[in-house]
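In: Okay, here's the prediction I keep looking at, along with the sequence it came from:
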Amino acid sequence: MFLYIVYGKMKALSPDDRVLQALRVLFEELKTKHGLSEEAILSKIKDEPVIPVSIFTNRGLRPLEILCKYLKEELNLGYREISGLLNRDYKTVWTTCRNASRKQKARLSVSPTRYMLPVSIFHDRKLSVLEAVVAHLKDISGLRLVAISSLLNRDQRNVWGVYHKAKKKWKKY
C-alpha cells in the first residue's frame with residue numbers, strides 16, 4: 001500500500017524514475033523511522049553479513065584475528081566461506097582462526113552498537129582490516145576520528161595515523 005501511495009503522487013515521472021523515487025522514499029522511511037543506516041539497509045538487501053564495530057575493542061588479538069574469530073564462532077561460517085568473503089587464502093583463514101582461538105579461548109565480547117560494518121569492506125585487500133574499519137567509519141558513516149577512537153578503544157593519534165595511511169593507499173590506486 002505504501003508504494004501504491006508513492007506511485008500515485010508521481011504520475012508525471014517515467015516508470016524507471018518512479019521506481020527510483022519509491023526506493024528513495026522507502027530508504028528514508030527505513031532510516032528515519034527504524035534508525036537503520038544506509039550500509040545496514042544495503043547489507044540486508046544483499047543478504048551480506050554485518051560486523052558490529054564493538055568486536056574491535058577486544059585486546060590481545062589482531063584485527064584480522066578478531067574478524068575471523070567473529071565470523072567463525074558467532075556467525076558459524078566455514079573457513080571456505082570466510083576466505084571468500086575476505087578475499088584471503090583458505091589456509092590463511094584457517095591459521096588465523098586457530099591462532100585466535102589459542103590466544104583467546106573465550107568467545108569475543110560483543111556489546112550492542114549502532115555501527116555495523118558490511119563484510120564487503122574487507123574484500124579489497126588494498127587496506128588492512130583496521131584501515132578498512134576506520135576509513136569506513138570516517139568516510140561512509142561520517143564519524144569524527146575522536147568518536148572512532150572511542151568506539152574502537154584506541155588512542156586518538158593511532159586512529160588518525162591509520163586513517164591517513166588508508167587515504168595514502170587509496171590515492172595510489
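Out: Here it is on my side, so go on. Numbering: from 1, shown residues only.
In: quick one, helices of this structure?
Out: 2-8, 15-34, 38-46, 63-69, 79-86, 90-103, 129-135, 145-152, 156-172 (DSSP state H).
In: And the second one, what does it pack against?
Out: Of the remaining helices and strands, those touching helix 15-34 by 3 or more CB pairs under 8 Å, 6 or more residues apart in numbering; DSSP states H and E are helix 2-8, helix 38-46. (C-beta placed from N, C-alpha, C; glycine too.)
In: for that helix, which positions count as buried?
Out: Residues of helix 15-34 classed as buried by neighbour count (16 or more other CB atoms under 10 Å): 18, 22, 25, 30.
In: which ones are touching Leu117?
Out: 39, 50-53, 133, 136-137 (CB atoms under 8 Å, 6 or more residues apart in numbering).
In: Mind doing that once more with 7 Å?
Out: Shown in contact with Leu117 (CB atoms under 7 Å, 6 or more residues apart in numbering): 50-51, 53, 133, 136.
In: Which pair of those spans the longest distance?
Out: Distance extremes for the contacts of Leu117: the farthest pair is Val50 and Val133 at 12.6 Å, using CB to CB.
In: the more surrounded of those two?
Out: Per other CB atoms under 10 Å, whichever of Val50 and Val133 has more neighbours is Val133, with 27 against 17.
In: Tell me the pLDDT of the more buried one.
Out: Looking at Val133, its pLDDT is 96.
In: which residues does the residue nearest in space to the middle of the chain bridge with?
Out: In the chain, the residue lying closest to the centroid (CA atoms, centre = their mean) is Leu117, at 1.4 Å. In this entry, Leu117 is beta-bridged to Ile51, by DSSP bridges.
In: From Lys168, how far off is it?
Out: As judged by CB to CB, to the nearest Å, Leu117 and Lys168 stand 21 Å apart.
In: Low-confidence stretches in this structure?
Out: 1-16, 34, 36-46, 172-173 (pLDDT under 70).
In: for the closest residue to Pro63 other than its chain neighbours, what are its contacts?
Out: The shortest distance from Pro63 to any non-neighbouring residue, by CB to CB, 6 or more residues apart in numbering, is to Val129 (3.8 Å). By CB under 7 Å, 6+ apart, the residues touching Val129 are 63-64, 67, 122.
In: which one of the residues you listed is nearest Thr95?
Out: Closest approach to Thr95 among the contacts of Val129 (CB to CB): Leu64, at 10.5 Å.
In: Give me the distance between the closest one and Leu85.
Out: Separation of Leu64 from Leu85 (CB to CB) stands at 13 Å.
In: and Ile55, what does it touch?
Out: Contacts of Ile55 by CB under 7 Å, 6+ apart are 66, 70, 108, 110.
In: swap in Leu61?
Out: Contacts for Leu61 (CB under 7 Å, 6+ apart) come out as 69, 100, 103-104.
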